[in-house]
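Trainee: Here is a sequence together with a model predicted from it:
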Amino acid sequence: MSQVQASFKNQSVLLVVTLVILAVVFQIASQGIFLTTNTLGTVLNDWGSYILLAVAQTFVVITGGIDLSVGATVSLSSVVAGWVLVKGLGLDSSITGDAAIPYVLLSVLVCLLVGLAVGALNAFLINILKIVPFIATLATMGAMTGLAIIISGGMPLQGPNNFKLGLPYNIFGVQLPISTTVLSVMIILVICGLFLHKSKFGLYTFALGSNPFATRAAGISPAKHLTKVYMLSGGLAGLAGAYAYIRLGAGSPTNGAGMELYAIAATVIGGASLMGGVGRIVGVALGTLVLFTVQSGLLMVKVVTVSPSLKQVIVAILIAAAVAVQTLQKPGRK
Amino acid sequence: MALKVIYEVKNVSKTYGAVVALDGASLKLHAGEVVGLVGDNGAGKSTLVKVLSGAHSPDSGQILLDGEERTWHNPKEALEAGIETLYQDSGLAPHLTVSQNVFLGREKFVKGIFGKLGFLARKQMEDEAQADLEAVGIAFPSANRPVSQLSGGQRQAVAIGRAVSWARKVLILDEPTNHLGARQSGEVLEVIKRAKKKGLGVIFISHTLPHVLEVTDRIVVLRLGKIVRDAPTSEYTADTLIGTITGSYGSDE
């Protein structure tokens, strides 16, 4: 096994160790109520709403880019789904249970399409107008947030929903921490991981972030590949919008507010390099889990009074620590 | 030379704004021949390489491969036609492994539906990369190591091995011995000789004139965008070559 692979593995090992330490600390600090199926269910539910964005960000970050528009895409796609169901089809939140399933599936499709469209717009700004990804996606983020408010009129659009999809499974009286939505997200995560690490698509993603000139010289079109990557990112953000819709039963213009920063934080904590060329799905999945363990754990601390705002400080420390670990693992490297 | 002309440019010119980078340059390359391309900085070497490799289109002039006129819209078209270029500033993707770099852009896939989805035959590519690099006489560490762990010389060896193993007709090497030590440069020159034996036409661009004199059959000297001398290597000495490059020695024209 190579040293670079080993250091990736180290990153994952470090994250697992961090998770164990966090679990023990919170278990003690919460006087024994942290390590329960309920809490794990809450953590995984939060994790599910962010992991798709973190995965989207991972692909983009590996190419050496960044996608700031993922949070706004969550808002916009969930709002458009809500608009289609409520204003377009004239439905409301009285439709629940099995009757709502076709509409929920429609909302997933609408969200996906909106996300792909936002991704295509980002690709256009980056490839055709030659705007750097940071600025291009910052512009899209602003525009999509505004559009979401305009379309929704600033209010959540409540439509048909089956809340059971977001509730943990209960099999023969045993409650599991996993719901249909979380399970769906996990399946998408695994598929994305396989494509990133085993397929040509993933290889070109790494190659582009590692050395764009060599990639071009090998006959690969950077613009074509970046278009696919930003559309993937948009599509995953759209699916995160569907997750938000199903969770809330409504498309709200605030569904995705601020999510992009957590997604980037999770990506970096998971070991991806903002310089491009480096990143692993396993690391990012664990990094996201660390974030939401901290998030949920702090709410349960009983032995001392903790301000909820402390979580932001801890997230900041985690980001700094993750980047420091990355740098220290590669002595003397550029 | 009895061998056939494999690649030829006729009367190509290229200007960038007011700068005339190439001014009616013509060059013939035969199969199994190594041609040295030399000239001072700004003489037009890089531009000629970009025209030959399909990275830039000339403003005027013809490009002929196997006697047939061709137009390259991008480097990929030239690559697919069998013209492999090693750019001095391109190198390899450091985060990828040796075999991933060797096969970049020409991956092999697993069989069946997963192959159609783009899943890679990693082991097969590692084995083949190993064999390909050994075949062109390059000593290198195992094919599944990331390039970032190799020394400068090893990286260059992999880059050249990649180019030689893929080239079907023409191999263009832009400063392949730059930044290399004496022993590593020697290895690179050996690889060039093997490529020549393989029947490839090789264009060797270098500032290191002893390397040019050692490995080439013919040397083409560029000055201010024009080809000022094109003669068999045996007709040059180190002194006359430098003189021709700088313009202090009488040229063909």
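Mentor: Looks like it arrived, so ask away.

Trainee: measure the residue of chain A most remote from its centre to chain B for me?
Mentor: In chain A, counting by C-alpha atoms, centre = their mean, residue A:217 sits farthest out from the average C-alpha position, at 32.7 Å. According to C-beta to the nearest C-beta, to the nearest Å, residue A:217 stands 4 Å off from chain B. C-beta coordinates here come from the backbone N, C-alpha and C atoms, glycine included.

Trainee: what's the following helix or strand after the top strand by length along chain A?
Mentor: Identified as the longest strand of chain A according to DSSP state E is strand A:174-179. The C-terminal neighbour of strand A:174-179 among helices and strands, as given by DSSP states H and E, is helix A:180-198.

Trainee: Are that next one and chain B in contact anywhere?
Mentor: Yes - Helix A:180-198 reaches chain B (C-beta under 8 Å from any C-beta of the partner chain) through A:194, A:195, A:198.

Trainee: For the last one, give me its contacts.
Mentor: Right, the one you point to is residue A:198. Residue A:198 sits next to B:119, B:120, B:122 when contact means C-beta atoms under 8 Å, 6 or more residues apart in numbering or on different chains.

Trainee: thinking again about what came up before, quick one: pLDDT of the residue farthest from the centre of chain A?
Mentor: According to the prediction, residue A:217 has pLDDT 84.

Trainee: go on, residue B:63?
Mentor: 93.

Trainee: where does it land in three-state SS?
Mentor: strand (DSSP: H, G, I helix; E, B strand; the rest coil).

Trainee: Wait, it touches residue B:9, no?
Mentor: Yes - taking contacts as C-beta atoms under 8 Å, residue B:63 lies within contact range of residue B:9: 5.4 Å.

Trainee: what touches both of the two?
Mentor: When contacts are counted by C-beta under 8 Å, 6+ apart, residue B:63 and residue B:9 are jointly contacted by B:51, B:52.

Trainee: Not counting sequence-adjacent ones, nearest residue to residue 239?
Mentor: Unless you meant another one, I'm taking chain A. Leaving aside its sequence neighbours, residue A:239 sits nearest to residue A:52 (C-beta to C-beta, 6 or more residues apart in numbering or on different chains; 5.5 Å).

Trainee: nope, chain B please
Mentor: Nearest to residue B:239 is residue B:249, by C-beta to C-beta, 6+ apart, at 7.9 Å.

Trainee: With adjacent residues omitted, what lies nearest to residue 192?
Mentor: All of this refers to chain A. Closest to residue A:192 by C-beta to C-beta, 6+ apart is residue A:55, at 5.0 Å.

Trainee: other chain: chain B
Mentor: residue B:215 (5.2 Å).

Trainee: which residue is nearest the middle of chain B?
Mentor: Most central in chain B (C-alpha atoms, centre = their mean) works out to residue B:172, at 1.6 Å.

Trainee: Tell me the spacing between that residue and residue B:46.
Mentor: Per C-beta to C-beta, to the nearest Å, residue B:172 is found 11 Å from residue B:46.

Trainee: ranges for the helices of the stretch 101-250 of chain A?
Mentor: A:101-123, A:133-152, A:180-198, A:200-210, A:212-217, A:222-248 (DSSP state H, counting those that start in this stretch).

Trainee: Sorry, slip of the keys, the one I care about is the stretch 51-200 of chain B.
Mentor: B:75-80, B:98-102, B:113-116, B:122-135, B:152-166, B:182-197.

Trainee: can I get these in CSV with mean neighbour count?
Mentor: Putting those into CSV (neighbours: other C-beta atoms under 10 Å in any protein chain shown) gives the following:
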stretch, mean neighbour count
helix B:75-80, 18
helix B:98-102, 26
helix B:113-116, 12
helix B:122-135, 17
helix B:152-166, 22
helix B:182-197, 17
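
Trainee: what helices or strands is the helix or strand hosting residue A:12 leaning on?
Mentor: Element membership for residue A:12, per DSSP H and E: helix A:3-29. Counting contacts by 3 or more C-beta pairs under 8 Å, 6 or more residues apart in numbering or on different chains; DSSP states H and E, helix A:3-29 packs against helix A:281-300, helix A:310-329.
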